[in-house]
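Student: Quick one, structure for this:
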Amino acid sequence: MTAAPPRCDGAPLISGALLGGSELDGMKSVVVPLLGFGQVRHARLKPTKNIFAYPTYFLMLPMRAMQASSAAPLAHNRSGLLSFFDRDHGDGRANAVSWVDELLKGEGVEDAQGEIWLHTYPRVLGFTFKPVSFWYCHALDGTLRAIVVEVNNTFGERHCYLLDRPQYGHELLADKVFHVSPFCTLEGNYRFRFMRSEHNGVGKTVARIDYDDALGPLIQTSVSGTLEPVTKAALRKALWRYPDMTFGVVARIHWQAFKLWRKHVPFIPKPKPPEIFVTR
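Tutor: Numbering: from 1, shown residues only. Next up is the predicted model:
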């Protein structure tokens with residue numbers, strides 16, 4: 001995958017306005033919720049190849065700003081055709097920012113007090129499933145301080161990987177400890193890479209997660225998109241283009257699992273979830 005040169009601060013740009021950065025910067029900048037329209041790609045390399053790509057959309061939300069003021073026209077913690085609820089994340093509390101702040105401080109990250117941008121799927125018609133969400137946590141000077149990768153599996157379990165002092169465009173490693181696919185073991189590690197770019201006032205984002213087992217690369221995945229402000233027109237576009245998006249996420253997960261089963265990829269029984277909720 002070829003990416004544009006990464007921005008050093010990692011803040012998305014829309015129409016030349018800084019979206020992120022310090023609280024002082026936020027006073028003179030336009031901080032708004034964003035929608036990303038793009039693609040999910042997935043490639044299993046062995047023991048048999050299974051490659052697919054789907055169009056998708058996702059939210060990119062300035063969580064501290066949304067706690068301070070309304071996220072209209074996005075339905076925030078209230079019902080809507082397309083909505084976002086804090087309780088769908090973390091430990092289910094009504095304020096997800098307080099949860100991620102506590103998580104970071106519990107892991108010794110004391111200086112991520114700037115904006116927190118959350119890349120996640122919304123609820124659609126009240127239904128949601130979030131295979132992975134990314135919390136981009138910034139320091140007060142606008143630099144990226146940490147990324148929390150929040151993973152859910154289809155068994156109703158959740159785990160977080162904390163990436164300390166990440167840099168855009170640089171590879172980040174974490175041991176795999178959480179069971180996601182019944183066709184993968186827990187051995188090996190993840191390789192994360194996050195990218196941001198901006199051209200003519202239009203921001204783009206790429207989040208890539210590759211999984212290596214003991215014998216080398218096994219799975220390559222990415223989600224990418226072009227960012228635009230959440231407006232009534234953007235919400236209508238998302239709903240009209242992908243009315244079954246979150247239902248489709250779950251259906252596609254099971255369809256791809258069926259295809260792997262048909263190809264006789266070994267089935268791995270689900271192990272116990274890790275006792276520790278956060279993996280560094």
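Student: what's the helix or strand for Trp255?
Tutor: Using DSSP states H and E, the element containing Trp255 is helix 245-262.
Student: who are the neighbours of that helix, in terms of helices and strands?
Tutor: Judged by 3 or more CB pairs under 8 Å, 6 or more residues apart in numbering; DSSP states H and E, helix 245-262 is in contact with strand 50-62, strand 123-124. No exception for glycine: its C-beta is placed from N, CA and C like everyone else's.
Student: average pLDDT for it?
Tutor: Averaged over helix 245-262, pLDDT sits at 77.
Student: How about stretch 203-216?
Tutor: In this model, stretch 203-216 has an average pLDDT of 96.
Student: buried stuff in it?
Tutor: 203-213 (16 or more other CB atoms under 10 Å).
Student: From these, pick the one nearest Val109.
Tutor: Nearest to Val109 among the buried residues of stretch 203-216 is Ala207, at 19.9 Å by CB to CB.
Student: can you tell me which residues contact that closest one?
Tutor: By CB atoms under 8 Å, 6 or more residues apart in numbering, the contact list for Ala207 reads 119, 134, 192-194, 222-224.
Student: Among the residues you listed, which one lies nearest to Thr128?
Tutor: The closest of the contacts of Ala207 to Thr128 turns out to be His119 (CB to CB; 14.3 Å).
Student: where's the helix or strand hosting the closest one relative to the chain centroid, distance-wise?
Tutor: His119 belongs to strand 116-120 when assigned by DSSP H and E. The chain centre lies 7 Å from the centre of strand 116-120; the measure is CA atoms, centre = their mean, to the nearest Å.
Student: With just CA atoms, put that strand into CSV.
Tutor: Extracted in CSV, the C-alpha atoms of strand 116-120 (Å, rounded to 0.1, in the frame of the first residue of the first chain):
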residue,chain,number,x,y,z
ILE,A,116,-9.2,12.4,21.5
TRP,A,117,-10.4,11.4,18.0
LEU,A,118,-12.4,8.2,17.8
HIS,A,119,-12.5,6.2,14.6
THR,A,120,-15.5,3.8,14.9
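Student: And that strand, what does it pack against?
Tutor: If you count contacts as 3+ CB pairs under 8 Å, 6+ apart, strand 116-120 packs onto strand 50-62, helix 63-68, helix 96-106, strand 132-138.
Student: tell me, how many neighbours does Trp142 end up with?
Tutor: Not quite, residue 142 is Gly, not Trp. Counted with other CB atoms under 10 Å, the neighbours of Gly142 add up to 22.
Student: give me phi/psi at it?
Tutor: When read as degrees, to the nearest 10, the backbone of Gly142 gives phi 90, psi -10.
Student: cool, and Gly108?
Tutor: Main-chain dihedrals, Gly108, degrees, to the nearest 10: phi 90, psi 10.
Student: okay, the helices and strands packed on helix 245-262 in JSON lines with mean pLDDT, distance to Gly106 and mean neighbour count next?
Tutor: As requested, these are exported to JSON lines (pLDDT from 0 to 100; distance: least, CB to CB, whole Å; neighbours: other CB atoms under 10 Å):
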{"stretch": "strand 50-62", "mean pLDDT": "94", "distance to Gly106": "23", "mean neighbour count": "19"}
{"stretch": "strand 123-124", "mean pLDDT": "94", "distance to Gly106": "28", "mean neighbour count": "20"}
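Student: Just put these in a markdown table and tack on distance to Leu260.
Tutor: Supplementary listing: the helices and strands packed on helix 245-262 in a markdown table, determined by distance: least, CB to CB, whole Å:
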| stretch | distance to Leu260 |
| --- | --- |
| strand 50-62 | 6 |
| strand 123-124 | 26 |
